[in-house]
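Student: All I have is the shape, not the residue letters:
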């Protein structure tokens, strides 16, 4: 089919079947995630789409180029573009996940601020300072 070997089509189908449980798990995680997590997930989805283009599409194009009579230099450049694209897309996925993990651990009070407390939020106490004295309230009858 278009100069692509049966082995390559079988390999693509096998990887697709192995990736199906992962895709189902990602869909369930999407349904049960917050809006903020979904916004962050679009970067990872873009990386997954990029790796699919390079790992499947450009790889099939590389195999078909043997049948189309491309020169060795053209096939080498296509193979180099495939490898570089796969590495770049995996790097996008990994670095974006690391970035999101690190910004999740950062204490935030406002929309983007780290340095101020919202109104009414008490100032943090020092470890050496005793807790405030309890005043009588409605529970002390």
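Tutor: Now that the structure is in, tell me what you want to look at. Only a predicted model underlies this, so the values are computations on that prediction, with no experimental measurement involved.

Student: gap between the residue nearest the centre of the chain and residue 104?
Tutor: The C-alpha lying nearest the average C-alpha coordinate of the chain belongs to residue 44 (Cα atoms, centre = their mean; 2.8 Å). With distances taken as Cβ to Cβ, to the nearest Å, residue 44 is found 14 Å from residue 104. All C-beta spots, glycine's among them, are computed from the backbone N, C-alpha and C.

Student: what does residue 81 give?
Tutor: Noted for residue 81: a distance of 34 Å to residue 104, by Cβ to Cβ.

Student: Compare those two and say which is more crowded by neighbours.
Tutor: residue 81 (14 against 11; other Cβ atoms under 10 Å).

Student: for the helix or strand that contains the more buried one, packing partners?
Tutor: Secondary-structure element containing residue 81, defined by DSSP states H and E: helix 72-104. With contacts taken as 3 or more Cβ pairs under 8 Å, 6 or more residues apart in numbering; DSSP states H and E, helix 72-104 sits against helix 35-52, helix 59-67.

Student: buried set for the shortest one?
Tutor: To tie it back to what came earlier, the one meant is helix 59-67. Within helix 59-67, the residues scored as buried using 16 or more other Cβ atoms under 10 Å are 59-65.

Student: try the longest one
Tutor: Along helix 35-52, these residues count as buried under the neighbour rule (16+ other Cβ under 10 Å): 40-41, 44, 47-48, 50-51.
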